[in-house]
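Student: Below is the sequence, then the predicted model.
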Amino acid sequence: MKVKRTETGFLLVLDLGDEIIASLKRLAESERIGLASVTGIGAVRDAVLGYIDVDQKKYLKRQFDSESMELVSLMGNLARLDGEPVAHCHVVLGDREMRTFGGHLFEATASVTVELFVRVFEGEVSRQFDPDFGVNRIQL
Amino acid sequence: MKVKRTETGFLLVLDLGDEIIASLKRLAESERIGLASVTGIGAVRDAVLGYIDVDQKKYLKRQFDSESMELVSLMGNLARLDGEPVAHCHVVLGDREMRTFGGHLFEATASVTVELFVRVFEGEVSRQFDPDFGVNRIQL
Amino acid sequence: MKVKRTETGFLLVLDLGDEIIASLKRLAESERIGLASVTGIGAVRDAVLGYIDVDQKKYLKRQFDSESMELVSLMGNLARLDGEPVAHCHVVLGDREMRTFGGHLFEATASVTVELFVRVFEGEVSRQFDPDFGVNRIQL
């Protein structure tokens, strides 16, 4: 991945084969990011999306492994869980008929490029696992 | 809802049962926000989305009341209408098959959590009802 | 189009009939923007979306010319290609049943309004055509 520092954060451009969540964690680790918002677009393959099932208290997953898909939108944030960086991102993917699919992003790999803007904020925001819902909830 | 002030605005985290549009209006009211951009993700229930019918000059509405849906993306802004705060947001929702639905957000309630970044700008931007289209249009 | 300058960029409000990509290029040209992120919502007609076919190394296109569609999300960036401004945007569109379609934005015209936030960064980022993928890739 390539990184350009901006006045308020970073422009992150993934290389072919870079996985998005791992790349964001790596940036958060090396730049000691405690809170940030993330937006971006690109094209990806091998995406795994999730839907939180409130009754089962866990994510249902769906793998999209056919071919490259447009990363129509990525929106999310970086925070901390037990002191470690954690990326919480949701994405919309588009196929060759321009149909869309979306959900919680578990993983997706750049098939062409991924262009992300990371807006860093001062301070640190922590998440904590909430067993009632099966998610890592922001603590303010 | 819980609010964390950032250098340029707010991180807004909704509690279970908080309605999004009402929460944004409440923040805009208490913080005297005249212009802001909003982005966010989460999971919601009881969403009502809209599509503006240009011929009928009104919004067609569709209610999604079955179960929790991923808030795949929320994008919009805060401005003023007759001096009162008004939130204009569009959302993409995702179901358990990762299918997506989208449109103008009339209302949606946090079913797990909703995490919003509000970027406040100086000054105030006003909307005015445009009878030719049935929408509240930004006046610049 | 109407433009309001903010602390960090611009609020761009398109008039009926303004095309999005052309409007962004015009702003980038007149304001000498070398790098910016863009987000926005609205309603559009005559949209042309694209999907990059990695094997064919070119975009497949689909035209949506029926009627006005919600611009559910626009996300992207402004950079330079051979010194000229270039807008790279992805969009989600919504129809009257709240179904969504998405992909790379080639063009779309405001059918009611389009409200865009342009966040300008210092410096300039260049794109270069990558014949291996048929896209203009960011060079960092």
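Tutor: Thanks, I have it.
Student: Could I get the contacting residues of A:Val13?
Tutor: A:1-4, A:113-116, C:138, C:140 (Cβ atoms under 8 Å, 6 or more residues apart in numbering or on different chains). Placement of C-beta: from N, CA and C, glycine included.
Student: Let's see that with 10 Å instead.
Tutor: A:1-4, A:23, A:40, A:42, A:110, A:113-116, C:125, C:137-140 (Cβ atoms under 10 Å, 6 or more residues apart in numbering or on different chains).
Student: Let me know the helix or strand that it is in.
Tutor: Taking DSSP states H and E as the criterion, the element that holds A:Val13 is strand A:9-14.
Student: Next, the angle from the strand ranked longest in chain A to strand A:9-14.
Tutor: The longest strand of chain A (DSSP state E) is strand A:100-120. Angle between the axes of strand A:100-120 and strand A:9-14 is 140 degrees (criterion: axes from the mean of the first three to the mean of the last three Cα atoms, to 10 degrees).
Student: Just the C-alphas of strand A:100-120, formatted as CSV.
Tutor: Only the C-alpha atoms of strand A:100-120 are listed here, as CSV (Å, rounded to 0.1, in the frame of the first residue of the first chain):
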residue,chain,number,x,y,z
THR,A,100,-25.3,-3.9,-5.6
PHE,A,101,-24.7,-5.9,-2.5
GLY,A,102,-23.7,-4.5,0.9
GLY,A,103,-23.0,-5.1,4.5
HIS,A,104,-20.3,-5.2,7.2
LEU,A,105,-16.8,-5.6,5.7
PHE,A,106,-14.9,-8.6,7.0
GLU,A,107,-12.4,-8.6,4.2
ALA,A,108,-11.8,-7.7,0.6
THR,A,109,-8.7,-7.6,-1.6
ALA,A,110,-7.8,-4.9,-4.1
SER,A,111,-8.4,-6.3,-7.6
VAL,A,112,-7.4,-3.1,-9.4
THR,A,113,-7.0,-0.3,-6.8
VAL,A,114,-8.6,1.0,-3.6
GLU,A,115,-8.4,4.7,-2.8
LEU,A,116,-9.2,5.6,0.8
PHE,A,117,-9.2,8.9,2.7
VAL,A,118,-8.5,8.5,6.4
ARG,A,119,-9.5,11.5,8.5
VAL,A,120,-7.6,11.3,11.9
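Student: how far out from the middle of the chain is it?
Tutor: Relative to the centre of its chain, strand A:100-120 is centred 6 Å away, using Cα atoms, centre = their mean, to the nearest Å.
Student: got the buried residues for it?
Tutor: A:100-106, A:108-120 (16 or more other Cβ atoms under 10 Å in any protein chain shown).
Student: and chain C, which of those residues contact it?
Tutor: A:100-102, A:111-113, A:115-117, A:119 (Cβ under 10 Å from any Cβ of the partner chain).
Student: Do stretch A:59-70 and chain B come into contact?
Tutor: Yes: using Cβ under 10 Å from any Cβ, stretch A:59-70 reaches chain B at A:59-62, A:64.
Student: Could you report the distance from the nearest residue to A:Asp95 once chain neighbours are set aside to chain B?
Tutor: Among residues not flanking A:Asp95 along the chain, A:Met69 sits closest, at 5.7 Å (Cβ to Cβ, 6 or more residues apart in numbering or on different chains). Distance, A:Met69 to chain B, by Cβ to the nearest Cβ, to the nearest Å: 12 Å.
Student: Next up, the contacts around A:Met69.
Tutor: Per Cβ under 10 Å, 6+ apart, neighbours of A:Met69: A:42-47, A:91-96, A:99-101, A:108, A:111, C:51-52, C:102-103.
Student: ranges for the strands of chain A?
Tutor: A:2-6, A:9-14, A:36-53, A:58-64, A:69-81, A:84-94, A:100-120, A:126-130, A:135-139.
Student: could I get these as CSV with mean pLDDT?
Tutor: Listed next are the strands of chain A as CSV, based on pLDDT from 0 to 100:
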stretch, mean pLDDT
strand A:2-6, 98
strand A:9-14, 98
strand A:36-53, 98
strand A:58-64, 97
strand A:69-81, 98
strand A:84-94, 98
strand A:100-120, 98
strand A:126-130, 97
strand A:135-139, 97
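Student: for the residue minimising distance to the centre of chain A, what are its contacts?
Tutor: Nearest to the geometric centre of chain A sits A:Cys89, at 3.5 Å (Cα atoms, centre = their mean). A:Cys89 makes contact with A:20-21, A:24, A:38-40, A:74-78, A:104-106, A:108, A:116, B:41, according to Cβ under 10 Å, 6+ apart.
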